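Student: pasting the sequence and the predicted model now:
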Amino acid sequence: LRKPVPTTINHTQVALVHKPIAMIGVFMMDTPQAAFNRKILRLVFPGTEIILRFVICQPSAMTLLEADVVAIDMVENMNNGKTQRWFSYALANCPPSVEAVFKMDDDVLFCWNKLQYEISQSRKNKFAYYGRFIDHHECGKYFHCPPEHCNGQRKFVGDCFYYMQGGLYGFSMALLKEIH
């Protein structure tokens, strides 16, 4: 993993008018469309309490010049460690004010005010997960799915768990530190 390289215009520093409370890793590939999406996202979230990082496997030299790109040195993949590497990077590079870290696909739209509200409500609960819980019924019969006997349980007991998937999910910093 590589830390962002400073450039003459650091969109992330310009955007941080408030102390950041969330860090979002936007997962994308290194394509012309993705470059356009990065520009749009930078315009949508200036002045908010979000730190955006664009997570790209093996980006081009030109893309590496963008200060908010996090390069992951691995072949682009869906289920081979990219997400885990992002959360490890975020844990090591978040400022102290960040309360939650998220993984987001580049085609996701979300309401920052709602997410901000959810973060503020979860301050009472040190270990918070933001996202959708997927049980065996919804996940299917793949090796990574929860066991069938756990359907409907909202407990992490024995071998029961919930699969985390989707375009946007995240963890409170306390939970991320605990599970890392």
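Tutor: Happy to help now that I have it. Numbering: from 1, shown residues only.
Student: tell me what the lengthiest strand in the chain is packed against?
Tutor: For the chain, the strand with the greatest residue count under DSSP state E is strand 163-172. Counting contacts by 3 or more C-beta pairs under 8 Å, 6 or more residues apart in numbering; DSSP states H and E, strand 163-172 packs against strand 100-105, strand 129-134. For every residue, glycine as well, the C-beta is placed using N, CA and C.
Student: which parts of the protein are strands?
Tutor: Using DSSP E, strands in the chain cover 22-27, 50-57, 69-72, 100-105, 129-134, 163-172.
Student: tell me which of the ones you listed sits most buried.
Tutor: With neighbours taken as mean count of other C-beta atoms under 10 Å, the strands of the chain reach their highest mean count in strand 22-27, at a mean of 24.
Student: list the contacts for the residue lying farthest from the centre of the chain?
Tutor: Ranked by distance from the centre of the chain (C-alpha atoms, centre = their mean), the top residue is residue 149, with 29.7 Å. By C-beta atoms under 8 Å, 6 or more residues apart in numbering, the residues touching residue 149 are residue 160.
Student: what are the boundaries of the helices in the chain?
Tutor: Using DSSP state H, the helices of the chain run over 11-15, 32-44, 61-64, 82-93, 112-121, 136-139, 173-179.
Student: if we go by neighbour counts, what in the second one is buried?
Tutor: Taking 16 or more other C-beta atoms under 10 Å as the neighbour-count basis, helix 32-44 is seen to contain the buried residues 34, 37-38, 41-42.
Student: how many degrees apart are it and helix 112-121 in direction?
Tutor: Using axes from the mean of the first three to the mean of the last three C-alpha atoms, to 10 degrees, the direction of helix 32-44 lies 70 degrees away from that of helix 112-121.
Student: contacts for helix 32-44 next, please.
Tutor: With contacts defined as C-beta under 8 Å, 6+ apart, helix 32-44 is touched by 11, 15, 26, 28, 52, 54, 56, 63, 66, 68, 106.
Student: please save the CA atoms from it in CSV.
Tutor: The C-alpha trace of helix 32-44 is given here as CSV (Å, rounded to 0.1, in the frame of the first residue of the first chain):
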residue,chain,number,x,y,z
PRO,A,32,-11.2,6.9,-18.0
GLN,A,33,-14.7,6.6,-16.6
ALA,A,34,-13.3,6.1,-13.1
ALA,A,35,-11.2,9.2,-13.5
PHE,A,36,-14.4,11.1,-14.4
ASN,A,37,-16.1,9.6,-11.4
ARG,A,38,-13.3,10.7,-9.1
LYS,A,39,-13.7,14.3,-10.3
ILE,A,40,-17.4,14.2,-9.6
LEU,A,41,-17.1,12.8,-6.1
ARG,A,42,-14.5,15.4,-5.2
LEU,A,43,-17.0,18.1,-6.3
VAL,A,44,-19.9,16.5,-4.4
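Student: done for today, thanks.
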